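Enquirer: let's see this in three dimensions:
(2 chains)
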Amino acid sequence: MTDTSSTLGVPPAAPEPVISITGVSKRFPGVQALDDVSVDIGVGEIHCWIGENGAGKSTLIKVLAGIFAADSGTVTMEGRPVAIRTPNDALRLGMAFILQELTVVESLSVAENITLGHEARRGPLFDAPAARERAAKLMESIGFGHVDAAARVGSLSKAEQQGVMIARALSLDARVIFMDEATAALDEAEVRRLFDVIHRLTATGHSVVFVSHRLEEVLELADHVTVFKDGRVAASVRNHDLTAGDLIHWMVGREIGQAFPPKTRTPGDVVLEARAISTASIEDVSLHARRGEVVGLGGLVGSGRSEVLRALYGLDALQKGEILIGGRQVAASSIRRAMRSRIALVPEDRRSQGIIPKRPVEENITISWTQQGQGRGWRSVSRRLALRLIEELGIRTRGPRQSVATLSGGNQQKVLVGRCLALEPGLLLLDEPTRGVDVGAKSEIYQLIDGLARRGMAVILVTSELPELLGLADRILVMREGRLVGELPGDAREEEVIAVAMGHRESLGAA
Amino acid sequence: MASVRTFVARQRGNPAIATLMVLAILVVVFSLTSSRFLTWDNFLNVTRSSSTVVIVASAVTLVMIARGLDLSVGSVLAVSVVVSAKLASTGTPLPLAYLAALATGLGFGLLNAGFIVGLRVSPIIATLGTLNIARGAAFLITSSAILVGLPSNWADLGTGYMFGVVPYPIVVAAVVAVFFSLLLNYTVFGRNVYAVGGNEEAARIAGVNVPRMYVALYAMSGLSTGIAAIVLGSRLGSGDPNIGVGFEFDCIVAVILGGTSLAGGEGRISGTVLGALIVAVLSNGLNLAGVEPFWQYVAKGVALVVAVVIDRLTRLERESTEARIGAVGSAEAPVE
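Expert: Purely as a prediction, here's the structure:
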């Protein structure tokens, strides 16, 4: 416990930040997620955090929320160092988090949600009228007076549910409210109303940390902007005459990264063509891929990049459009059809969709191959195949019998690539192949992708890391909100990709 | 050096070792409580009585490795017994009556598969439903009476000895256990069972036909129950619709005691065989010691809970050693 008595008598200095984050670092296997990050959040200010996916914003929020423990660094609130070990600590200190996935209890009423965990009581009983009154008052104060406090939260719109979360934060006496991508699911009118709520909050001395990918919103709303890049703070400035160009520049400006293999590949025949395909999450996407070509699929997380790969692989059902492989239309989409057409996928999430953790490396490499119906003696062929791919891909393992869960992330990823190569695919779909992989393994994977393309494979690559996209792809298709919104050449600049991905083409001149 | 340490760590967390130790302790304890326990006759007695559990639990092991569950086996056992007994008592040749038992078991297995794969009912609810359907069917077929008046050769399989030494039920159980062990360890199907249980989504993306796997597994569970029904019906010499109440419990205890993970993706037939022996030794030993039979329920219940706790503890142990062995330490340093 910190000794509070010494500070009791001293009035706090007026301009002191409500939260001061100093030198916070957090390392995950293979990634320095936060590297010596320092940010001050002022009283009553709207502080916007921006940055590419993986720049560190969400990790920092999770450190403050008590979900991750920082490796080093301190957090002080009004000058006093605080220890945030659990989400409860964060709550007690007056921080509230409104995350992308709303955490309301849909089956309970507005009043019950707002007072959950600190219910109004009359003796041992829940005091429903008191709770409703308190909830109504709080909802009124943030401009949601029209929402009935007795209504079931599941029946409300997303924006109203967000209002409930904000009211709940106020009910818990939160002084700093973090909103992560709060506008992502809202329409224009709802965004306006949320901004109005945010201004009401700051007018009453609350601070709001607002994380967004929409530059216009940030420029309009922010008192203060902090730009994250590769786990560091690239800039932290007051919002005076900032332009989208400034923000983009800070978001991408970086030292020269890893060496990428030279793009001297010559594309051949078209292997795959998708004509105006739509699924539940993408709309009207047309693209093609040629032999010997790396096609990059860019865009923000959630823009539908992975969903394009899922559609091509037969994981998501096509609602419209057609897929042609080698010029021939493919009928009903299914994984087995894709595999028969020699399409292979390295899925987005290695742990939940990729590896079979308790099984040996060999089985993880040859599982897809064994589904093709192998004849007698398949076990020794499988063993030899695994050994060959371990050798070819440079997978560091004690041997094919080692449990795949004990390999490093990069080597697990190579096992998944090996699983695809065992099928000798004509088209390889790679979804975030370097996520959670350390720098050394990354450049090995880059060499690997280049080598496969040179051997005549068509590769479609999804990655959240812009340098990777630009360094590897012969051309770049950019997705936004489920649609393909642009195609850029392989030598495009990062600023151009970001601008297209964020729907901000016109800011290019400023950048 | 590292591999030696890994080997030691593996053995420490190896559930089969723990199972074997439990069995050894039980054998020692019961040899002390009854002089009749450690005899050849009693050994045959225990193994014979565990044979039906071994036959069915072997198949259920595969189901549970794949993260499924089959609670219906006790009732399906009963309905399969009474179907074959009914046919045999009305003059149908014995081989045909046996085939009918197999078909009945297979049919209920496919019914389970239909509920689970076709209608997407969770395994626990689907097989609980089948448990009652099959039990009801058994009573309806016999008009709730015990079928007697079976042909003279009916009891041959259940009470006879191969080469005059090994009881046939033990032979059948051994054949079934070896079959499933080979299936699990030496076929693509077996690898797919582990893959589906270890990470169903990954298996699906890798091209494993997951629905077909589940249909096959529940069908095998039903068919094995049909085999067990032939052996048990013959051994008991009648067609009793009350047979096999709580049998599913014995099977699941055997599987879990044998080290099959409730979380799926892990398990071996050898463990299940040991688990089935533990269940049988527990009943037999308590019997011989003159303990009131109802205590057997208590003992089995305790055994199940203890097995699950051991399963969890060994898993924690193994996971922490794997994390230590793994290339990167991901332990989080606390904020000071």
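Enquirer: give me the distance between A:His146 and A:Glu140.
Expert: The spacing between A:His146 and A:Glu140, counted by CB to CB, to the nearest Å, is 9 Å. Heads up, the C-betas are built off the backbone N, CA and C, glycines and all.
Enquirer: the two: who's more crowded?
Expert: A:Glu140 (14 against 9; other CB atoms under 10 Å in any protein chain shown).
Enquirer: neighbours of residue 249, how many?
Expert: All of this refers to chain A. 18.
Enquirer: hmm, I had chain B in mind actually
Expert: For B:Phe249, using other CB under 10 Å, the count is 17.
Enquirer: ok, B:Ser144 next?
Expert: The tally of other residues near B:Ser144 (other CB under 10 Å) stands at 10.
Enquirer: tell me which residues touch the residue in the stretch 101-250 of chain A positioned nearest to chain B, please.
Expert: Of all residues in the stretch 101-250 of chain A, A:Gly231 sits closest to chain B, at 16.3 Å by CB to the nearest CB. If you count contacts by CB atoms under 8 Å, 6 or more residues apart in numbering or on different chains, A:Gly231 has them with A:Val31, A:Gln32, A:Ala33, A:Leu34, A:Asp35, A:Val37, A:Ala55, A:Gly56, A:Thr59.
Enquirer: switch to 6 Å and redo it
Expert: Applying CB atoms under 6 Å, 6 or more residues apart in numbering or on different chains to A:Gly231 gives the contacts A:Gln32, A:Ala33, A:Leu34, A:Asp35, A:Gly56.
Enquirer: again with B:Tyr161
Expert: B:Tyr161 sits next to B:Pro167 when contact means CB under 6 Å, 6+ apart.
Enquirer: let's see 7 Å
Expert: When contacts are counted by CB atoms under 7 Å, 6 or more residues apart in numbering or on different chains, B:Tyr161 touches B:Pro167, B:Tyr168.
Enquirer: so what's it bridging to?
Expert: B:Pro167 (DSSP bridges).
Enquirer: past the helix or strand bottoming out on mean pLDDT in chain B, which element shows up next along the chain?
Expert: Least confident helix or strand, chain B: helix B:2-12 with a mean of 51, by mean pLDDT, DSSP states H and E. Scanning forward in sequence from helix B:2-12 by DSSP states H and E, the next helix or strand is helix B:15-33.
Enquirer: that following helix vs chain A: in contact?
Expert: No. Against chain A, helix B:15-33 shows no contacts by CB under 7 Å from any CB of the partner chain, the least distance being 12.7 Å.
Enquirer: mind listing what's buried in that helix?
Expert: B:Pro15, B:Ala18, B:Thr19, B:Leu20, B:Val22, B:Leu23, B:Leu26, B:Val27, B:Phe30 (16 or more other CB atoms under 10 Å in any protein chain shown).
Enquirer: how far out from the middle of the chain is the helix or strand that it is followed by?
Expert: Going down the chain from helix B:15-33, the next helix or strand is helix B:40-65, by DSSP H and E. Remark: helix B:40-65 is offset 7 Å from the chain centroid, using CA atoms, centre = their mean, to the nearest Å.
Enquirer: quick check: angle from helix B:40-65 to helix B:15-33?
Expert: 150 degrees (axes from the mean of the first three to the mean of the last three CA atoms, to 10 degrees).
Enquirer: for the record, mean pLDDT for the following helix or strand past helix B:40-65?
Expert: Per DSSP H and E, the first helix or strand lying C-terminal to helix B:40-65 is helix B:73-89. With pLDDT averaged residue by residue, helix B:73-89 scores 95.
Enquirer: mind giving me the packing neighbours of helix B:73-89?
Expert: helix B:94-113, helix B:123-142, helix B:210-236, helix B:247-257 (3 or more CB pairs under 7 Å, 6 or more residues apart in numbering or on different chains; DSSP states H and E).
Enquirer: grab the CA positions of it and hand them over as CSV.
Expert: Below are the C-alpha coordinates for helix B:73-89, written out as CSV (Å, rounded to 0.1, in the frame of the first residue of the first chain):
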residue,chain,number,x,y,z
VAL,B,73,-24.3,-47.4,-23.9
GLY,B,74,-25.9,-48.9,-20.8
SER,B,75,-29.4,-48.8,-22.3
VAL,B,76,-28.2,-49.7,-25.8
LEU,B,77,-26.6,-52.7,-24.2
ALA,B,78,-29.9,-53.7,-22.7
VAL,B,79,-31.9,-53.3,-25.8
SER,B,80,-29.3,-55.3,-27.8
VAL,B,81,-29.4,-58.1,-25.3
VAL,B,82,-33.2,-58.4,-25.3
VAL,B,83,-33.4,-58.2,-29.1
SER,B,84,-31.1,-61.1,-29.5
ALA,B,85,-32.7,-63.0,-26.6
LYS,B,86,-36.2,-62.5,-28.0
LEU,B,87,-35.1,-63.8,-31.4
ALA,B,88,-33.2,-66.7,-30.0
SER,B,89,-36.1,-67.7,-27.7
